[in-house]
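> just to be clear, the model below is a prediction. Sequence and coordinates:
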Amino acid sequence: MAEFDYLFITNIPRVARTAELSGATRIVIDLERIGKEERQGRGKTLISDHSIEDIPRVKAVLTNAELLVRTNPLHPGYEEELEAVLAYQPDLIMLPMFTSVDEVVRVGELIAGRARFIPLLETASAAAQLPDILAQPLVDELYIGLNDLHLSQGLNFIFEPLTNGTIDLLIPQLKAWGKPFGIGGVARVGKGLIPGEQVLGEYSRLGSHSVILSRDFHGDYEHQDELEPGVSLQLEIEKLEHFRLQHKGRSEPRIKQDHLQFVLAVEEIVRARP
């Protein structure tokens with residue numbers, strides 16, 4: 001595992017290879033479809049067209065980056081789906097949209113050490129059960145997904161859980177746990193409703209060990225077949241890494257100042273929305 005992981009979502013081998021060479025340390029195959037459109041809204045979210053058959057094709061081109069597979073949530077056919085995924089020996093399995101510790105235990109037992117296990121915490125119910133989830137020995141890491149989490153709280157903007165105390169309440173438990181955890185997604189430096197470097201500063205304040213390079217990072221394309229023309233993925237990851245290292249060296253007063261500016265930016269966006 002790298003000191004800090006940059007996650008890049010793609011099922012296209014040549015894009016995965018480019019992302020790896022550019023500094024992405026984890027490539028994500030995203031199989032999640034069940035319930036996603038109903039939760040996030042028809043036409044408002046990108047529904048992945050990735051398949052289990054993409055796993056060996058992408059795995060074959062990677063030399064250093066780890067391969068992470070996000071499965072569907074636990075469902076009646078989950079065991080068969082998981083066994084088909086594990087047959088290709090991914091490095092990590094991510095379970096989305098769990099609502100109880102029993103689901104985490106069930107999937108951890110099914111994985112049985114054949115890949116590292118990362119529950120994706122993105123519901124208010126899961127957040128309320130965090131101590132019991134972290135007590136499970138089969139959990140290797142944890143990731144906090146802000147999109148579905150803010151929807152589950154009835155909020156209007158994806159970054160509100162970072163400013164309303166939700167994530168801050170979880171962080172002491174995660175730090176005491178002592179294993180890696182990641183938070184949310186990030187846009188490019190200078191891009192996004194809140195610039196990527198400012199969002200990364202907030203994740204750094206909270207102690208995150210990884211981040212997903214979002215659609216706003218590499219261009220709002222539909223099928224991930226081509227990166228946005230003129231965008232150097234390597235240069236953009238290097239820019240983020242530059243700011244991440246700067247954020248690590250901040251003084252406590254500067255961290256508080258940056259957090260206040262982040263809160264004000266979120267509040268301004270929320271006020272402007274209907």
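On my side now, so go ahead. This one's a predicted model, so the numbers in the text were calculated from it and none came from an experiment.
> ranges for the helices of the stretch 151-274 of the chain?
Secondary structure of the stretch 151-274 of the chain by DSSP state H, counting those that start in this stretch: the helices cover 166-177, 196-206, 215-218, 233-248, 252-272.
> please name whichever of the ones you listed is nearest to residue 50.
Of all the helices of the stretch 151-274 of the chain, it is helix 215-218 that lies closest to residue 50, at 14.6 Å by C-beta to C-beta. To be clear about C-beta, it is placed using only N, CA and C from the backbone, and glycine gets the same treatment.
> from the chain's centroid, how far away is the closest one?
Offset of helix 215-218 from its chain centre (C-alpha atoms, centre = their mean, to the nearest Å): 13 Å.
> still on that earlier bit, among the helices of the stretch 151-274 of the chain, show the one with the smallest mean pLDDT.
Ranked by mean pLDDT, the helices of the stretch 151-274 of the chain bottom out at helix 215-218, which scores a mean of 74.
> would you mind giving the helices of the stretch 151-274 of the chain as a markdown table with mean neighbour count and distance to residue 60 added?
Below are these laid out as a markdown table (neighbours: other C-beta atoms under 10 Å; distance: least, C-beta to C-beta, whole Å):
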| stretch | mean neighbour count | distance to residue 60 |
| --- | --- | --- |
| helix 166-177 | 16 | 34 |
| helix 196-206 | 22 | 31 |
| helix 215-218 | 21 | 22 |
| helix 233-248 | 16 | 20 |
| helix 252-272 | 13 | 41 |
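> and these: which comes nearest residue 9?
Here helix 215-218 is closest among those (C-beta to C-beta), at 8.7 Å.
> ok, back up a step: make CSV from the helices of the stretch 151-274 of the chain and add distance to residue 69 to it.
Below are the helices of the stretch 151-274 of the chain laid out as CSV (distance: least, C-beta to C-beta, whole Å):
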stretch, distance to residue 69
helix 166-177, 23
helix 196-206, 23
helix 215-218, 19
helix 233-248, 22
helix 252-272, 32
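> how about the ones you listed, which one is nearest residue 61?
Of those, nearest to residue 61 by C-beta to C-beta is helix 233-248, at 15.2 Å.
> report the angle between that closest one and helix 252-272.
Angle of helix 233-248 versus helix 252-272, following axes from the mean of the first three to the mean of the last three C-alpha atoms, to 10 degrees, is 120 degrees.
> residues in contact with helix 233-248?
Around helix 233-248, the neighbours that count as contacts under C-beta atoms under 8 Å, 6 or more residues apart in numbering are 4, 6, 18-19, 21-24, 186, 188-189, 196-197, 200-201, 204-205, 213, 217-218, 227, 258.
> do that again at 7 Å, thanks
4, 6, 18-19, 22-24, 186, 188-189, 196-197, 200-201, 204, 217-218, 227 (C-beta atoms under 7 Å, 6 or more residues apart in numbering).
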